[in-house]
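K.L.:
A predicted structure for the sequence below; I have some questions about it.
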Amino acid sequence: MAFLDIDMADRRHTDREYENELAQVRERILLMGARVEEMMTASRKCFVERNADLAKATIRNDHQIDTLEIEIDELCLQVLARRQPVASDLRFITATLKLVTDLERIGDLCVNMCERVQELCEDPTYPTQGPIPRIGEAAQAMLHDALDAFVAGDATKAEQVVDRDNVVDAYYAQLFPELVAHMMSDPTVVFRSTRMLSIGKYIERIADHATNIGELVVFMVRGLDVRHTGPASNNPTA
Amino acid sequence: MNLEPLTSVAKKAAQKKADNTEPMPPETRPVHDGAKLEGMEPAAAPGPEIASRPRWDEVSVSQITPKMRAEGLHASFGSSEVIKGISLPIAEKLVTAIIGPSGCGKSTFLRCLNRMHEVVSGATTKGKVLLDSQDIYDRDVDPVRVRGRVGMVFQKPNPFPTMSIRDNVLAGLRLNGVKLKDPDGQVEKALRAVALWDEVKDRLAKAGTSLSGGQQQRLCIARALALEPEVLLMDEPCSALDPIATARVEELIHELRETYTIVIVTHNMQQAARVANFTAFFYLGQLVEYNRTQVIFTRPKEQRTEDYITGRFG
């Protein structure tokens, strides 16, 4: 919580009301991040447990994330209009505006995962072990660390998240030929394999959004744009 | 037909994807290439004019072509030193803003740039101020001549109350003993430069003070411009104006930038952000940070700058 603590305690705005507005944005973002992480945990769980009820309940929870997205956007607009933030405040607000979009998309991808699980549950013999839980775990760890880096204002941690996207991509690249080979050898698994392929793709997209969040954190903390420059560790300006 | 087995296609796809994850050097960042889009005319190539002169927002502080340059400048009122060794290049035909809390020495610094500081009794300066590489504090330099080349506009519009609009414009020229060859032409030129001509051309004989605050300030700028200075110093030129009049003056600053080197002192940070190409932050008589305005307001390097502009000061 170092970044938040610095802003909240040591480097308070002389304008208390402005400080409160920024604190409110931070608080809402933390809540939205926590909700999205919960959704992702539930989505992975319902796949492993072949739990169609949990999938249904998780889909229903998505509206909370949508509501938070609108609320945070509105708060950011208010700060922009009333305070004309500059420097670190400006980077925080603009990063937040983008971050909520990534979080909301992750929520939508979790909904898609749950929908595929509901379909998979019609064929409850599908394998619950193997590459999908592995990719899911790696992507969720990226999301968790990206949000942690945001809260702590930790650009180094955020760079590590950006670098880890390759790992998830590699897992997905492995999953694809495996499932194709499986479908070719046994046409009866085509239905479930296409669903599993989709789930793999959704997870890979979630990792991409986590990477975006990592890049936003680097921008927010250091004022450097590291997007589209390859892995952060290869970036000379980082 | 000889189809490749699906698994080998999958392998190739995976390999291609792995190849694509190679780090991309920054210079090969994907850029929009209009010419490659089907059914679209290729985008016009940038003309030589654009290519030859770097855009101002790409010029870093170290690349500034200075019109003026302060070197180790100190300024005092009696025993109290208000400028404590400031070195600052001022970019030619661009706008430089000086920001900082009250008492940081920004107005004093501005007044040192055209030898107005020494007018106050007990005021002294040390160090150099170069104008086109000549030190304006050299013994053989005439301060009146300096003030002709480096004009000044003050916080409050101060047209001469007993003079008409026309005479106000010509006042600087007359005071400097300039022989007027074409006074009407000079009046029109100066008033057109500040976009005041159409508003006042039918009442040039009326008193300067009959104008609105914003018009009076533009009249004062016209008075300064009539002397055809090379540098224009502006000390809080909009602090007494309403937002519409402020917008007019700011628009004027944008236009004047084509011809003049401008230095503006302002308390209004949004104004500095809007009009200036470079911004200097002064604190307690020292230069804390000097950079492109864009950098100062998005990612300042110094914590004190960050604290001041975000309002976390003191």
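P.N.:
Thanks, I have it. Since this is a predicted model, take the numbers as computed values, not measurements. Numbers count the residues shown, from 1 in each chain, chains lettered A, B, ... in the order given.
K.L.:
Only C-alpha atoms from now on, for both contacts and neighbour counts.
P.N.:
Will do.
K.L.:
my guess is B:Pro66 contacts B:Ile90, does it?
P.N.:
Yes: using C-alpha atoms under 8 Å, B:Pro66 is in contact with B:Ile90, at 5.1 Å.
K.L.:
Please identify which of those two sits among more neighbours.
P.N.:
B:Ile90 (25 against 19; other C-alpha atoms under 10 Å in any protein chain shown).
K.L.:
so the more buried one sits in a helix?
P.N.:
No: counting by DSSP: H, G, I helix; E, B strand; the rest coil, B:Ile90 is not found in a helix; it is strand.
K.L.:
For B:Ala205, which residues are in contact?
P.N.:
B:Ser164, B:Ile165, B:Arg166 (C-alpha atoms under 8 Å, 6 or more residues apart in numbering or on different chains).
K.L.:
Mind checking if stretch B:96-116 is in reach of chain A?
P.N.:
No: using C-alpha under 8 Å from any C-alpha of the partner chain, stretch B:96-116 never reaches chain A; the gap is at least 13.8 Å.
K.L.:
Least confident secondary structure element in chain A?
P.N.:
One helix or strand of chain A scores below all others by mean pLDDT, DSSP states H and E: helix A:2-5, with a mean of 41.
K.L.:
B:Leu241: what's it in contact with?
P.N.:
B:Gly213, B:Gly214.
K.L.:
Need phi/psi at it.
P.N.:
Note on B:Leu241: its backbone torsions stand at phi -110, psi 150 [degrees, to the nearest 10].
K.L.:
Show the model's pLDDT score for it.
P.N.:
Looking at B:Leu241, its pLDDT stands at 83.
K.L.:
got it, and B:Glu27?
P.N.:
45.
K.L.:
For chain A, what lies in contact range of chain B?
P.N.:
Counting by C-alpha under 8 Å from any C-alpha, chain A sits next to chain B at A:11-15, A:85-91, A:166, A:170, A:173-174, A:176-177, A:180-181, A:222-223, A:228-231, A:234.
K.L.:
Now list the buried members of those.
P.N.:
Buried by 16 or more other C-alpha atoms under 10 Å in any protein chain shown: A:11-13, A:85-91, A:166, A:170, A:173, A:176-177, A:180, A:222-223, A:229-231, out of those.
K.L.:
Would you map the helices across the chain?
P.N.:
You didn't say which chain, so I picked chain A. Secondary structure of chain A (DSSP state H): helices at A:2-5, A:16-48, A:52-83, A:87-120, A:131-152, A:155-185, A:190-222.
K.L.:
Please refer instead to chain B.
P.N.:
Going by DSSP H, chain B shows helices at B:6-20, B:48-52, B:106-112, B:143-149, B:165-175, B:183-193, B:197-200, B:213-226, B:243-256, B:269-275, B:293-298, B:303-310.
K.L.:
In TSV: those helices, plus mean neighbour count.
P.N.:
Shown next, in TSV, are the helices of chain B (neighbours: other C-alpha atoms under 10 Å in any protein chain shown):
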stretch	mean neighbour count
helix B:6-20	14
helix B:48-52	8
helix B:106-112	22
helix B:143-149	17
helix B:165-175	22
helix B:183-193	18
helix B:197-200	14
helix B:213-226	25
helix B:243-256	17
helix B:269-275	18
helix B:293-298	20
helix B:303-310	20
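K.L.:
in the chain, which segments are predicted with low confidence?
P.N.:
Picked chain A for this. A:1-11, A:230-238 (pLDDT under 70).
K.L.:
hmm, I had chain B in mind actually
P.N.:
In chain B, residues with pLDDT under 70: B:1-59, B:314.
K.L.:
mind listing what B:Leu173 touches?
P.N.:
Neighbour list for B:Leu173: B:Lys179, B:Leu180, B:Ala226, B:Leu227 [criterion: C-alpha under 8 Å, 6+ apart].
K.L.:
Distance-wise, check it relative to B:Ile262.
P.N.:
20 Å (C-alpha to C-alpha, to the nearest Å).
K.L.:
same check, this time on A:Asp165
P.N.:
Taking C-alpha to C-alpha, one finds A:Asp165 at 49 Å from B:Ile262.
K.L.:
Looking at the two, which has the bigger crowd around it?
P.N.:
B:Ile262 (27 against 24).
K.L.:
What parts of the stretch 201-314 of chain B come near chain A?
P.N.:
B:Ile296, B:Phe297, B:Thr298, B:Arg299, B:Pro300, B:Glu306, B:Asp307, B:Ile309, B:Thr310, B:Gly311, B:Arg312, B:Phe313.
K.L.:
Rebuild those residues as a markdown table, extending it with distance to B:Val119.
P.N.:
Below are these laid out as a markdown table (distance: C-alpha to C-alpha, whole Å):
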| residue | distance to B:Val119 |
| --- | --- |
| B:Ile296 | 33 |
| B:Phe297 | 35 |
| B:Thr298 | 38 |
| B:Arg299 | 39 |
| B:Pro300 | 35 |
| B:Glu306 | 35 |
| B:Asp307 | 35 |
| B:Ile309 | 32 |
| B:Thr310 | 36 |
| B:Gly311 | 35 |
| B:Arg312 | 36 |
| B:Phe313 | 33 |
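K.L.:
give the contact list for whatever residue of the stretch 101-250 of chain B ends up closest to chain A.
P.N.:
Using C-alpha to the nearest C-alpha, B:Pro101 is the residue of the stretch 101-250 of chain B that sits closest to chain A, at 13.8 Å. Listed by C-alpha under 8 Å, 6+ apart, the contact partners of B:Pro101 are B:His267, B:Phe282, B:Tyr283.
K.L.:
Which one (most neighbours) among these?
P.N.:
Counting neighbours by other C-alpha under 10 Å, B:Phe282 leads the contacts of B:Pro101 with 25 neighbours.
K.L.:
which ones are touching that residue?
P.N.:
B:Ile98, B:Ile99, B:Gly100, B:Pro101, B:Cys104, B:Gly105, B:Lys106, B:Val288, B:Glu289.
K.L.:
at 7 Å instead, please
P.N.:
Contact partners of B:Phe282, counting by C-alpha atoms under 7 Å, 6 or more residues apart in numbering or on different chains, are B:Ile99, B:Gly100, B:Cys104, B:Lys106, B:Val288.
K.L.:
top of those by neighbour count?
P.N.:
Within the contacts of B:Phe282, neighbour counts (other C-alpha under 10 Å) peak at B:Lys106, which reaches 30 neighbours.
K.L.:
where's that residue relative to B:Ala272, distance?
P.N.:
Here the criterion is C-alpha to C-alpha. By it, B:Lys106 lies 13 Å from B:Ala272.
K.L.:
now swap in A:Arg195 and tell me
P.N.:
56 Å.
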